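>>> Any chance you can model this:
(4 chains)
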Amino acid sequence: MSASGRSSAETLGYSSTEMMSIAAARELADGQVCFVGIGAPSTAANLARRTHAPGLVLIYESGCIGAKPTALPLSIGDGELADTADAVVTVPEIFNYWLQSGRIDVGFLGAAQIDRFANLNTTVIGPYEHPSVRLPGAGGAPEIAASCKEVVIMIKQSRRTFVDPLDFRTSIGFGDGPGSRERLGLRGRGPRMVITDLGILRPDPETCELTLTDLHPGVSVEAAREATGWELAVGPAPKVTPAPTDSELAHLRRLVSLRPEGNSK
Amino acid sequence: MSASGRSSAETLGYSSTEMMSIAAARELADGQVCFVGIGAPSTAANLARRTHAPGLVLIYESGCIGAKPTALPLSIGDGELADTADAVVTVPEIFNYWLQSGRIDVGFLGAAQIDRFANLNTTVIGPYEHPSVRLPGAGGAPEIAASCKEVVIMIKQSRRTFVDPLDFRTSIGFGDGPGSRERLGLRGRGPRMVITDLGILRPDPETCELTLTDLHPGVSVEAAREATGWELAVGPAPKVTPAPTDSELAHLRRLVSLRPEGNSK
Amino acid sequence: MAELVSLREAVTELVKDGDTVAMEGFSHLIPHSAGHEVIRQERRHLTLVRLTPDLIFDQLIGMGVADKLVFSWGGNPGVGSLHRFRDAIENGWPTPLQIEEHSHAGLTNRFVAGASGLPFAILRAYAGTGLPERVTHIKSVKCPFTGETLAAVPAINPDVAIVHAQQADLRGNVHMWGITGVQKEAVLASSRSIVTVEEIVERIELRPGGVVLPAWSVTAVAHVPGGARPSYASGYYKRDNDFYSSWDTISRSREDFREWMEKNVLEVATP
Amino acid sequence: MAELVSLREAVTELVKDGDTVAMEGFSHLIPHSAGHEVIRQERRHLTLVRLTPDLIFDQLIGMGVADKLVFSWGGNPGVGSLHRFRDAIENGWPTPLQIEEHSHAGLTNRFVAGASGLPFAILRAYAGTGLPERVTHIKSVKCPFTGETLAAVPAINPDVAIVHAQQADLRGNVHMWGITGVQKEAVLASSRSIVTVEEIVERIELRPGGVVLPAWSVTAVAHVPGGARPSYASGYYKRDNDFYSSWDTISRSREDFREWMEKNVLEVATP
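Numbers count the residues shown, from 1 in each chain, chains lettered A, B, ... in the order given. Alright, predicted model coming up:
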């Protein structure tokens, strides 16, 4: 166990980032339709498609429906995504006809900050007018968070990322708590779970507050508390995530090692 | 001169319908973009494209932009229109992006009835709830009439077609007179002219009322008055339409004689 | 995920009495065979929806399938009137037909709103026409930025959409090309959908102008070669213009119409 | 009707100081060469618009071309931050940059409204987020049928749209395929447009997924092979991912950035 509360790859044979990807991939069921953010969510979704969920439908906001990339795309609009898709549509169509209409099963998002109600920030660190770090901004996230039937979030857990309040609320989780989504007229159910490099958090059915329900192997409740910027709610008996199988690890490493087209090295 | 006020084909060497098509075709300038209704307007527009206006861009509401049909289409969505078009787009796109946006030069319409302000009826003859004749309805016409930069109308002139009031106002010309279009926020200028089998009427610049400005060869002002269901305004000295040239007639007859694909005879 | 079923099964399972049923096709790819199956299965009290009701709607209406028609242009293209449609509206035969009529732009945007999960759509339409007086489904909204008034139409979300396409693959992905009208919007706006196709292919090779409906957005696919006749299917067969002309005669009298339907639809085995 | 001109001429004639300029491209077909020409011609006080500002916008901003940026996601895809974009927002270098930010859905629908000749668009968006507080261009409207409240965004109608496409024909019809983003909407929403293309062809052979902009809807076409590099042009060349990575280093310091721009943009002859 390192000072950060993460088990080291040397000890366990895999890194905490790998554990996060694999835990997230397991949450996607075969045949589901998944709106995928770039980066960690895209890695996990493509891992799922190569392991237990070959019929998983991946949608990227660039307009690619049913993309089946061989290597992980670097951008949301890589040629590989278009070339392997069942259909490529325009950006207005992907947002209006496919996302806004509420027909997507799972929205799969990352973020720079998250709060106890799973609201997300990808806009600024610090005050909006004078940010200490200007982040990329909203992209597709606010409407993915609002309109997908449910949302799965991947984020590395630390006091920098698990904060309350957020510096900016880019995308809604459960807003200010129970009833917020309903009052806003949102039709998706909101976040089903947050998968971190330490464990898994799920919204409490009553309070909507994120509650630690699973810990990855070798991670303590204490370590998770340490890495959370508010007083972390912990479920009665957090389960231990099954360690990555050899096959999961092999698939993930192969996937990550493949260079997307256009890379020289 | 026949009883109807129309010169007979035997006398003149062409029919009044042919004169109408040719007079209408002459009004389309090369390079213009023209949103074409099926039937008489489509005949005239295709005649123009084969004679003086080879660069005329024809748009059909089925989504065909820049159609160059060999034979006259029977329906607004004939395969020939799609196969010869520069682009085929969806029906939402044709109405929202291409028509509503106001980028079309000329809307080219027919109708069952017209009134003195060039408003059109293609909906019912008789009362709406109990029509004596139920006509096809609006189709694309109301928005063609509203949104094209200008409108050209083709209609055979008689007391059945030139009526005031209309049984139903399907598409707007100049509404109730000066200022109507502006009050309704319409951005197109409205009807430039009405071409009939007897002559040409244009809106008076002050009153917007349709005024007879041209008579086809052999037609008298009296005949035009007879064929109008209101007291027809007549311009100071109606011009006589130049008779069809041999070339115009030959092109028109060839065009009309070509059977669209899918016809066995 | 789209199931590959017979047309009979698809209609039995997915089209119920009283449903709102959109059957789309803009001159091209009109789902005639599916319409015939709806007639054979004697569905009643349907609200039929289509921008351009033509022959197949004349037949559905003449056979008493529909209580209501939502449309924007009803005619026999290039030929003239639809006599059964007119008889229903003018004389209430065989049953009175309630109508709700729009312009193409208006009805199209009802489908767009329906496909987009919005309750309404805004457009520049209907101003200065008699339609808003006759159609309760046309209202107006003010632009919150400019103060301009625009027309508003409510989303339409049919119970079932029925369309015809050229191809589906073995997984149920649908592929159509040529004039594709508002078929995608009709399918996406509806709770359920039936797509009849000319051909089942191993793998879709996307054509220029090709539109794909992913398998998971379609309820049922039925293999019905010739399913658009006498309309056309680009790449497969041409429009039977002679039949469109002859329909004018066939449909003029109630008796000739019934006789033709008996012989050519009711007594024909379902494909 | 689109005129076939040089890129230099197109920018000289059509892009003026103070203009609102949309340069679109969603990862694919990003108009890098045209952006460089705007920098070389030292345009100032532009309002730049793009859903996904990346390297070329980082360069435009770092060279002081823009007073304002309208966007929805600004980053170096797969790599990280845009350092010049951040430096402008965080430190006002080289000039302060006013920003107006949306979600993709919101900015997309601003283009859709602009292309459609509507003053605004409605969508389900922004609810429960901090964006409406920061962006005056987000309001709401009530559905006149259901009473539901929806987000409203105003149309955007730039002075100029600049996009890159694979082909144009001799008449100026433009043909692009692959991921086409909101390029059509950007061109149709704008008063003027410049399209740079990989190739001038005698006649367009429409590809699967191909989108055509008719010649009469485009102002100027310029033949600029490689005009999207280091982005990609499907069918012509791949994305130079290494350059995207190296940009992170080049752009980190103001000095290295300026030096790179001198050598690779300012001192390069206009294509």
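
>>> What segments of the stretch 1-150 of chain C are helices?
Assigned by DSSP state H, counting those that start in this stretch, the stretch 1-150 of chain C shows helices spanning C:7-14, C:32-40, C:55-62, C:83-91, C:104-116, C:131-134.

>>> can you tell me which residues contact residue C:60?
Contact analysis of residue C:60 by Cβ atoms under 8 Å, 6 or more residues apart in numbering or on different chains lists C:35, C:38-39, C:46, C:48, C:66. From N, CA and C alone the C-beta is placed, and that goes for glycine too.

>>> What distance do you get for it to residue C:92?
16 Å (Cβ to Cβ, to the nearest Å).

>>> Low-confidence stretches in the stretch 1-150 of chain A?
Scanning the stretch 1-150 of chain A for pLDDT under 70 picks out the ranges A:1-10.

>>> How about the residues of it by chain C?
Residues of the stretch 1-150 of chain A lying close to chain C by Cβ under 8 Å from any Cβ of the partner chain are A:31, A:33, A:57, A:65-66, A:86-87, A:96-97, A:100-103, A:147.

>>> from these, which are also near chain D?
A:96, A:100, A:147.

>>> which among the residues you listed gets closest to residue D:53?
residue A:96 (22.2 Å; Cβ to Cβ).

>>> all helices of the stretch 51-200 of chain A, in order?
So, for the stretch 51-200 of chain A - with DSSP H, counting those that start in this stretch - the helices run A:79-83, A:91-93, A:141-147, A:180-183.

>>> Including distance to residue D:254 and mean neighbour count, could those go into CSV?
Converted to CSV, the helices of the stretch 51-200 of chain A look like this (distance: least, Cβ to Cβ, whole Å; neighbours: other Cβ atoms under 10 Å in any protein chain shown):
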stretch, distance to residue D:254, mean neighbour count
helix A:79-83, 33, 23
helix A:91-93, 33, 24
helix A:141-147, 31, 29
helix A:180-183, 43, 16
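
>>> For the stretch 1-150 of chain C, what lies in contact range of chain A?
C:1, C:115-118.

>>> switch the cut-off to 6 Å
Within the stretch 1-150 of chain C, the positions lying close to chain A (Cβ under 6 Å from any Cβ of the partner chain) are C:115-117.

>>> Next up, the contacts around residue 125.
The chain I'm using is chain A. Contact analysis of residue A:125 by Cβ atoms under 6 Å, 6 or more residues apart in numbering or on different chains lists A:132-133, A:167.

>>> not quite, I wanted chain C
B:143, C:103, C:105-106, C:151.

>>> Swap in 10 Å and give it another go.
The neighbours of residue C:125, taking Cβ atoms under 10 Å, 6 or more residues apart in numbering or on different chains as the test, are B:95, B:100, B:138, B:142-143, B:146-147, C:102-106, C:108-109, C:131-132, C:138, C:150-153.

>>> Just the pLDDT at it, thanks.
You'll see residue C:125 listed with a pLDDT of 96.

>>> same deal with residue A:234?
98.

>>> Tell me the secondary structure at the closest residue to it other than its chain neighbours.
Of all residues not flanking residue A:234 in the chain, residue A:212 sits nearest, at 4.6 Å (Cβ to Cβ, 6 or more residues apart in numbering or on different chains). Following DSSP: H, G, I helix; E, B strand; the rest coil, the label given to residue A:212 is strand.

>>> Just give the nearest non-adjacent residue to the residue of the stretch 51-200 of chain A found nearest chain D, would you?
Residue nearest to chain D within the stretch 51-200 of chain A: residue A:77 (2.5 Å; Cβ to the nearest Cβ). Closest residue to residue A:77 apart from its sequence neighbours, by Cβ to Cβ, 6+ apart: residue D:27 at 2.5 Å.

>>> go on, residue C:12?
According to Cβ to Cβ, 6+ apart, the nearest residue to residue C:12 is residue C:41 (6.6 Å).

>>> I'd say that neighbour and residue C:11 touch.
Yes. Counting by Cβ atoms under 10 Å, residue C:41 does reach residue C:11; the two are 5.5 Å apart.

>>> still on that earlier bit, count of neighbours near the residue nearest to residue A:234?
23 (other Cβ atoms under 10 Å in any protein chain shown).

>>> residue contacts, it?
Per Cβ under 10 Å, 6+ apart, neighbours of residue A:212: A:157, A:194, A:196, A:198-202, A:219, A:221, A:224-225, A:228, A:232-235, A:238.

>>> can you tell me how far the residue of the stretch 151-271 of chain C found nearest chain A sits from chain D?
Closest to chain A within the stretch 151-271 of chain C is residue C:212: 3.8 Å, counting by Cβ to the nearest Cβ. According to Cβ to the nearest Cβ, to the nearest Å, residue C:212 stands 10 Å off from chain D.

>>> and the helix or strand hosting that residue, which strands flank it?
Residue C:212 belongs to strand C:211-213 when assigned by DSSP states H and E. Here strand C:211-213 is paired, per DSSP bridges, with strand C:174-176 (antiparallel).

>>> quick one: is the helix or strand just after the strand it pairs with near chain D?
Going down the chain from strand C:174-176, the next helix or strand is helix C:183-189, by DSSP H and E. No. On the criterion Cβ under 10 Å from any Cβ of the partner chain, helix C:183-189 is out of touch with chain D, staying 14.5 Å away.

>>> which helices and strands sit right next to helix C:183-189?
Under the contact criterion of 3 or more Cβ pairs under 10 Å, 6 or more residues apart in numbering or on different chains; DSSP states H and E, helix C:183-189 touches helix B:91-93, strand C:20-23, strand C:46-50, helix C:104-116, strand C:160-169, strand C:174-176, strand C:192-201, strand C:211-213.

>>> again, only this time at 7 Å
Contacts defined by 3 or more Cβ pairs under 7 Å, 6 or more residues apart in numbering or on different chains; DSSP states H and E place helix C:183-189 against helix C:104-116, strand C:160-169, strand C:211-213.

>>> is it possible to export those to TSV including mean neighbour count and mean pLDDT?
Converted to TSV, those look like this (neighbours: other Cβ atoms under 10 Å in any protein chain shown; pLDDT from 0 to 100):
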stretch	mean neighbour count	mean pLDDT
helix C:104-116	29	98
strand C:160-169	28	98
strand C:211-213	24	98
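
>>> hang on, the earlier thing: and the residue nearest to residue A:234, bridged to which residues?
residue A:201, residue A:234.

>>> I'd like the distance from it to residue A:248, if you could.
23 Å.

>>> same question, residue A:86
26 Å.

>>> do residue A:110 as well
Distance of residue A:110 to residue A:248, given as Cβ to Cβ: 20 Å.

>>> same check, this time on residue C:250
Distance of residue C:250 to residue A:248, given as Cβ to Cβ: 66 Å.

>>> quick revisit: out of the helices of the stretch 1-150 of chain C, which is closest to residue C:259?
It is, among the helices of the stretch 1-150 of chain C and with distance given as Cβ to Cβ, helix C:55-62, at 11.8 Å.

>>> ok, residue C:41 and residue C:11, which is more surrounded?
Neighbours per residue, other Cβ under 10 Å: of residue C:41 and residue C:11, the larger number sits with residue C:11, 26 against 14.

>>> distance of residue A:48 from residue A:158?
25 Å.

>>> Of those two, which one has the most company?
The neighbour count for residue A:48 versus residue A:158, taken as other Cβ under 10 Å, is higher for residue A:48 (26 against 18).

>>> Would you agree the more buried one is in contact with residue A:56?
Yes. Shown here, residue A:48 and residue A:56 form a contact pair, counting by Cβ atoms under 7 Å, at 5.5 Å.

>>> Now the common contact residues for those two.
residue A:28 (Cβ atoms under 7 Å, 6 or more residues apart in numbering or on different chains).

>>> Sketch out the low-pLDDT regions of the stretch 101-250 of chain C for me.
In the stretch 101-250 of chain C, no residues with pLDDT under 70.

>>> now with 90?
C:135-136 (pLDDT under 90).

>>> Near chain D, which residues of it are found?
Contact residues, the stretch 101-250 of chain C versus chain D (Cβ under 7 Å from any Cβ of the partner chain): C:117-120, C:122, C:124, C:139, C:141, C:143-146, C:148, C:150, C:152, C:154, C:206-210.
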